[in-house]
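1. can't give you the sequence, but here's the structure:
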């Protein structure tokens, strides 16, 4: 599951309070005059809280043009303290520098799909709503329907097994390939119906298509590579003593954040990923164990149940030059899948 919507903002009420909002704001340690990046602007919940906490400035980034457009009233109400940019959060360094900021004081990343995106049938994220099988957070690149139409059975099985953690991935992939021979799987309902033919769950459990839809969404939006690139960008753009806060909803996302921060905070020794290179820590861990929602928050917002917050403070050491691609699972790239046929 992914991001939630914001509380009351200029221009109207959104539907849900962002997960772990107060904990995230506390970890950011916001101060007057600081510059903060909300790398997943969404409905502006975290941004609004940052602006309310101190006389700070916020750069809000979102790859969804709809989210940027909806934030216009909040920009106007901010008195010049908020700038919104349509971009991926992995591009935060370039965005900040273009706006005149060589470094920033804090970054918050609330990973995954937003409630607003899930609740819009035309975006194609939800198997519960009939709509085109799209799933793109931005307006560019291949859609989920394109991947379903072009990926080989082997690649589909790998994607669904790895990103969806679906134990029936091979059966699902085979069913998709068989079904697409009869016609295009262009809608959410069509794909969900195919998955339901081979995945059977107990009453009261998650919908049979949950894991397959999750896998396709992660793959289409290249969310894990984006996360790795975003963490590296945060390391480069944060000032010493700047804070990084990440809220993850998926086990693979949280594992990447955990491993990245653990390696970057390790004192001395050598990296098994860069043999012979002495490692100087670039971060100090603020959360040795992830912060999770309290039961009252989960009761009020069931989408919060899988959230984990991790935070770290930037140290004085220079950012690592090594690419952290080793944190990613082995899968075909989106580009390679689209070339397959």
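-> Received it, and whenever you're ready, just let me know what you need. All values derive from a computational prediction rather than experimental measurement.

2. What are the structural domain limits within this structure?
-> 21-115+223-316, 139-220 (automatic domain parsing).

3. Among the ones you listed, which comes closest to residue 339?
-> Residue 339 lies closest, by C-beta to C-beta, to one member of the domains of the chain: domain 139-220, at 8.5 Å. Where you see a C-beta, it was placed from the backbone N, CA and C, and this is true even at glycine.

4. Can you give me the buried ones in the particular helix or strand that has residue 37 in it?
-> Assigned by DSSP states H and E, residue 37 belongs to strand 35-38. Residues of strand 35-38 classed as buried: 35-38 (neighbour count, 16 or more other C-beta atoms under 10 Å).

5. Stretch 174-186 too?
-> Buried positions in stretch 174-186, judged by neighbour count with 16+ other C-beta under 10 Å: 175-177, 179-180, 185-186.

6. Residue 31: which of the residues you listed is nearest?
-> Residue 31 lies nearest to residue 186 out of those, by C-beta to C-beta, at 50.1 Å.

7. quick one: the closest one and residue 132 touch, right?
-> Yes. With contact defined as C-beta atoms under 8 Å, residue 186 counts as touching residue 132 (6.4 Å).

8. Find the residues that touch each one of these two.
-> Residues touching both residue 186 and residue 132 (C-beta atoms under 8 Å, 6 or more residues apart in numbering) are residue 145.

9. which of the buried residues of strand 35-38 sit farthest apart?
-> Among the buried residues of strand 35-38, 35 and 38 lie farthest apart (C-beta to C-beta), at 11.3 Å.

10. Give the intersection of the neighbour lists for the two.
-> Going by C-beta under 8 Å, 6+ apart, residues that sit against residue 35 and also against residue 38 are 58-59.

11. Can you add distance to residue 327 and mean pLDDT and give the domains of the chain back as TSV?
-> Formatted as TSV, these follow (distance: least, C-beta to C-beta, whole Å; pLDDT from 0 to 100):
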stretch	distance to residue 327	mean pLDDT
domain 21-115+223-316	5	93
domain 139-220	14	93
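
12. residue closest to the middle of this protein?
-> What sits nearest the mean C-alpha location of the chain, by C-alpha atoms, centre = their mean, is residue 111, with 2.7 Å.

13. Got phi/psi on that one?
-> phi -80, psi 160 (degrees, to the nearest 10).

14. That one reaches residue 252, doesn't it?
-> No. Using C-beta under 8 Å, residue 111 is not in contact with residue 252; the gap is 10.4 Å.

15. Quickly note the distance from the residue nearest to the centre of the chain to residue 231.
-> 11 Å (C-beta to C-beta, to the nearest Å).

16. what does residue 189 give?
-> Using C-beta to C-beta, one gets 36 Å for the distance from residue 189 to residue 231.

17. between the two, who's got more neighbours?
-> Per other C-beta atoms under 10 Å, whichever of residue 189 and residue 231 has more neighbours is residue 231, with 25 against 16.
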